[in-house]
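Asks: Dropping a prediction and its sequence here:
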Amino acid sequence: MARPGGWFSEEQGQWYKQIVQDRGVRNVVEVGCHLGLSMSYLLELPNPPRITAVDIWEDPGVYKSFCSLVRGKNVRVLRMSSMDALEHVTNRSQDLVFIDAAHDYGNVRQDLAGWVRKLRRHGTLAGHDWNWGGVRRAVEEFHKSTGRRLFVPVPNLWLLDPPRPGAVDAPKVSARQLALKRRREQERARLEALPPHHGVPMTPAAGQPVIQGTPQNPNSSYLVTDSGRVVGRRRKLPRAQFQSDVLRTSPAATRM
């Protein structure tokens, strides 16, 4: 079989094919496929597994080439994001999930948290680009939080085997919760970048501008965004004091 283009070495491909064969893997999900270079090694097997291919394939030409590779094979194609594809794969149904999609820490962490729930009891998580800082950080943290055993069997590939007996097999935080947390962090960063006087209420006690969670006042109870909406209250304030503070500085602001 002629190999498609990509960033998957012969050593990595042979290891990938061997572990699928040695472990009797029958169901595989590949998250991030591109042209299908890594998958081409599995398609060479005498009895290849059932493969679910997940990718957004933004380039129509790349998608067309991938479809040509898997045409007539036992491959299910899900042209969508990793998080959307979770809705189309049954929990506890897969033997192996191979992750090679976005390489930043936040996305890798979401992929790990979401796809581990699709594995059977003794299923394996694996992936590419161990040398990327975001990938390594997310995988190492996931290894510590779940008890899954971490290996780097060949250069730039990682493997998370099932945890030892008694360890927790899935994180307490779901993929959706991680996504919400990430959006909150992005909103916090945006608000902290605003000028100190921008839409920020004055507290009667100090008479100084405060922004929640900044060195100016890490214990501030609320702030007002540029749209006038009150967000981020940390502790309950007396109703009269809260309304007085807000109305004094932003008549358009409303309580959450």
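Replies: Sure, I can see it.
Asks: Quick check, pLDDT for the nearest residue to residue 43 once chain neighbours are set aside.
Replies: Once flanking residues are discounted, residue 43 sits nearest to residue 73: 5.8 Å by C-beta to C-beta, 6 or more residues apart in numbering. All C-beta spots, glycine's among them, are computed from the backbone N, C-alpha and C. On pLDDT, residue 73 comes in at 96.
Asks: isn't residue 73 right next to residue 48, touching?
Replies: Yes. Between residue 73 and residue 48 a contact is recorded at 7.2 Å, counting by C-beta atoms under 8 Å.
Asks: More neighbours: these two, which one.
Replies: Shown here are residue 73 and residue 48; by other C-beta atoms under 10 Å, residue 48 has more neighbours (20 against 15).
Asks: how many neighbours does the residue nearest to that one when sequence neighbours are not counted have?
Replies: Among residues not flanking residue 48 along the chain, residue 42 sits closest, at 5.4 Å (C-beta to C-beta, 6+ apart). Using other C-beta under 10 Å, residue 42 has 23 neighbouring residues.
Asks: Could you measure from residue 42 over to residue 59?
Replies: Distance of residue 42 to residue 59, computed by C-beta to C-beta, to the nearest Å: 23 Å.
Asks: sorry, back to before: got the phi and psi for the residue nearest to residue 43?
Replies: Torsion angles at residue 73 (phi, psi; degrees, to the nearest 10) stand at phi -100, psi 170.
Asks: just residue 152 next, same as before
Replies: phi -120, psi 90.
Asks: residue contacts, it?
Replies: 130, 158-159 (C-beta atoms under 8 Å, 6 or more residues apart in numbering).
Asks: Could you list which of those belong to strands?
Replies: 158-159 (DSSP state E).
Asks: got the contacts of residue 152 as a markdown table, with neighbour count and distance to residue 67 columns?
Replies: Formatted as a markdown table, these follow (neighbours: other C-beta atoms under 10 Å; distance: C-beta to C-beta, whole Å):
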| residue | neighbour count | distance to residue 67 |
| --- | --- | --- |
| 130 | 17 | 29 |
| 158 | 22 | 28 |
| 159 | 21 | 29 |
